[in-house]
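Q: Let's see this in three dimensions:
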Amino acid sequence: MTSLRDQELPPIASIGDLVKALRLLGVGVGIDESVPTVGHELAYSLIGAAERNAIMADHRAKATGAGPGELTEFAGCTLDGAACHNDFDALALLEWRATRTTQAIQKLDLTGPSGRAPEPLLHSILLTSAALGGLLAAAGTMRNPHRPDGETRDAARALRKAIQALDQATKDAHQHELTAQLLELTD
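A: Predicted structure coming up:
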């Protein structure tokens, strides 16, 4: 099996194409092409716009009777849209998404209502997201018989960090159970 790393990738979209796609998805865009990272920023903005569009499509699908099975099929379309041809490609995409999700969570204000930083539930979410990225990285490496030298060692390190993050996340489990009980009482 070949992975995306081994294939010739399509060209990166031009700034004009990215702006056009963002506008098609309802995002007003003003750009300064003198900023060296503008293409990268627009590409990431397009991911957010496409995900927002998919969320709205999910809401519409649910309103017309779509169930978990149909939504799972739709979610699988992300693998098709990213040109994933095999499990290596899919694991690489999912690892990338988990890593970027973790980075996006880190951009949030994790301070809770009590002023305690970080708020326990958001802290557990951050740790779990980071762990998912590490687990996916390790899984991708373990499935690749043609992995480069040193990648196995990196996978072991990622796996250990993921286990540590999950262990740390479980330390707040009792508090989360209390929160769940309080939430049930409010309905």
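Q: Spatially central residue in this structure, please.
A: The chain has residue 97 as the residue nearest its centroid, 2.8 Å off, counting by CA atoms, centre = their mean.
Q: That one is in what secondary structure piece?
A: Secondary structure from DSSP states H and E places residue 97 in helix 87-106.
Q: packing partners for that helix?
A: Under the contact definition 3 or more CB pairs under 8 Å, 6 or more residues apart in numbering; DSSP states H and E, helix 87-106 sits against helix 68-81, helix 120-143. No exception for glycine: its C-beta is placed from N, CA and C like everyone else's.
Q: What does the pLDDT read for the residue nearest to the centre of the chain?
A: The per-residue pLDDT reported for residue 97 equals 95.
Q: Quick check: longest helix in this protein by residues?
A: helix 38-63 (DSSP state H).
Q: can you give me how far that helix is from the chain middle?
A: 13 Å (CA atoms, centre = their mean, to the nearest Å).
Q: what sits up against the lowest-mean-pLDDT helix or strand in the chain?
A: For the chain, the helix or strand with the lowest mean confidence is helix 173-186, at a mean of 86 (criterion: mean pLDDT, DSSP states H and E). For helix 173-186, contacts defined as CB atoms under 8 Å, 6 or more residues apart in numbering pick out 120-121, 124.
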